[in-house]
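Q: coords please:
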Amino acid sequence: MALASKPSSGRGATTLRSRSKGTVSAQVTELGGRTVVQARIDPTVRRGALDEVSGLNLAAAARLALDQRLPLVAVITSSGADVNDGVAALHGWGTAAAALAACSGVVPSVFVVTGPTVSGPSLLLGLADIVIFTETASAYVMGPGSVESFTGEVVTVETLGGANVHRSHTGVAAAIVPDELAGLELAEVIIALLPGNCDEEPPSWPNTDPIGRLTPEAGDCLPTTATGSYDIRNVIHAIADDGDFVELWAGWARNMVVGLTTIGGRAIGVLGNQPMALAGTLNIPASQKGARFVAFCDAFNIPLVTLVDTPGFFPGKDLEWRGMIRHGAQLVGAYARATVPRVCVLLRKAYGGAYIVMDSKRMGNDVCLAWPTAELAVMGARQAVEVLHRRETDEVKALHEATYTETLLNPWIAAERGLIDMVIEPAETRRVVAEALEMLTTKREVLGPRRHDNLPL
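A: Below you'll find the model as predicted:
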């Protein structure tokens, strides 16, 4: 998505704490025409180790971003707390961590990791909104030597905390890029779609793609069989301005797709079940990914469009033992407390609890749309027949299955009950979604007096 120019060279930037020593430098500069606070850890000095002064420099950058309500961009490589500085080094990065935590939900933070980032400072990555890894970057709390010493397991840096590990398994890396320049270019694109802080609206972009453009290709994505798969990203590309979509965390929890785009020049966040992975079912990583993204968009006033095609939660003892209830509730809570404009589109399968947590009408979405192909039910027809008529013959079961499909697995029943606002043709999706978002531009909700909730993390 080419929304802005190349990253600024830094000319004309205002440097912070310029006379202080340490591995961290910070300045107020421009990134693609947007004013940001940019911090950088110099990997050529003690491999980016953070002494007390370095931690305070990083904290100063975060505090300035918070005070001036500017996005924070950091380029990070760190060998950990500087052992030469003793316990003061620990307090240094701890001070930075507190300052970064204060920025959360107030100003956007994007970190670009360009090399090894280890020990305590690696935890700083978990405080950022978006983390971009270069291909040679790595991050871990305890290194290979410590792992072998404590557990006897021999691991390499790449298998312990390489970029691919954080893309596919941990969800730390929102994207992997070739080098630092590419990382800053992606940071530029992301920042371009975000407001400067939580009190601003997202920026609008000039748009030559007609709002009323028909999108028959969106409906053409659906396979002819109920069990067939397709790529939900093709639906997103069909309805987005010029087909542009910035996908985030693409390698993690592939059964859920999230990212940023524009419709009618208005920045939005998109979530969609991915039938190509685990049939679009919800599991723990997908619930965490979706909840994190919903909370991110809600914090920065970015409207949400949710595309639903899920047969339910993925079953299994392993998931239940790992806390499917607790983690599934994260997605419930994120949607339930979101106050931004929310539009939901039911494409095909919408079964059981997974349908409810994917921003269903009673979860509080503002506009709920459905394609004629949408199937809303507690479960699929075959599963329902096995529950209700398990003692019948196969012929009788087939008859009940056909009747169940015809009478209950369609959006019209839900529309009659007010659970769907409109049943639309796939070709009308872009236009109707754009009109809904336009209608919701004046939406405002008064937040309650409590400091914060205590929903599962």
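Q: Pull up the distance across stretch 334-343, start to finish.
A: End-to-end distance for stretch 334-343, by CA to CA, to the nearest Å: 15 Å.
Q: does the residue positioned nearest the centre of the chain count as helix, strand or coil?
A: Central residue of the chain (CA atoms, centre = their mean): residue 293, 3.2 Å from the mean position. Under the three-state scheme (DSSP: H, G, I helix; E, B strand; the rest coil), residue 293 adopts helix.
Q: start the count at 405, not 1, going forward
A: All set: I'll call the first residue 405, so the last point we hit is now residue 697.
Q: any idea which helix or strand carries the nearest residue to it once chain neighbours are set aside?
A: Nearest residue to residue 697, sequence neighbours excluded (CB to CB, 6 or more residues apart in numbering): residue 662, at 4.2 Å. No exception for glycine: its C-beta is placed from N, CA and C like everyone else's. Using DSSP states H and E, residue 662 maps to strand 660-667.
Q: List the residues that contact residue 454.
A: Residues in contact with residue 454, defined by CB atoms under 8 Å, 6 or more residues apart in numbering, are 426-428, 445, 462, 482, 484-486, 493, 496-497, 500, 525.
Q: Give me the spatial nearest neighbour of it, chain neighbours excluded.
A: That would be residue 497: by CB to CB, 6+ apart, it lies 4.8 Å from residue 454.
Q: quick one: contacts for the one you found?
A: 454, 458-459, 462, 485, 524-525, 528.
Q: now it: how far from residue 533?
A: According to CB to CB, to the nearest Å, residue 497 stands 19 Å off from residue 533.
Q: Residue 625 too?
A: Using CB to CB, one gets 30 Å for the distance from residue 625 to residue 533.
Q: Likewise for residue 705?
A: Using CB to CB, residue 705 is found at 14 Å from residue 533.
Q: out of those two, which sits in the more crowded spot?
A: Taking neighbours as other CB atoms under 10 Å, residue 705 and residue 533 compare with residue 533 leading, 23 against 18.
Q: Quick one, grab the pLDDT at the more buried one.
A: In this model, residue 533 is scored at 97, pLDDT.
Q: For it, give me its contacts.
A: Going by CB under 8 Å, 6+ apart, residue 533 touches 508, 512-514, 700.
Q: next one: residue 837
A: Contacts of residue 837 by CB under 8 Å, 6+ apart are 643, 667, 709, 747, 749, 773.
Q: ok but it is inside a helix, no?
A: Yes - under three-state DSSP, residue 837 sits within a helix.
Q: Check the secondary structure at residue 627 for me.
A: Classification of residue 627 using three-state DSSP returns coil.
Q: domain parsing for the chain?
A: Per automatic domain parsing, the structural domains of the chain span 418-596, 620-778+814-846.
Q: Quick one: those domains as a markdown table, columns for distance to residue 855 too.
A: Shown next, in a markdown table, are the domains of the chain (distance: least, CB to CB, whole Å):
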| stretch | distance to residue 855 |
| --- | --- |
| domain 418-596 | 13 |
| domain 620-778+814-846 | 13 |
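Q: What residue, apart from its backbone neighbours, is nearest residue 582 spatially?
A: Excluding its sequence neighbours, the residue lying closest to residue 582 (CB to CB, 6+ apart) is residue 539, at 5.8 Å.
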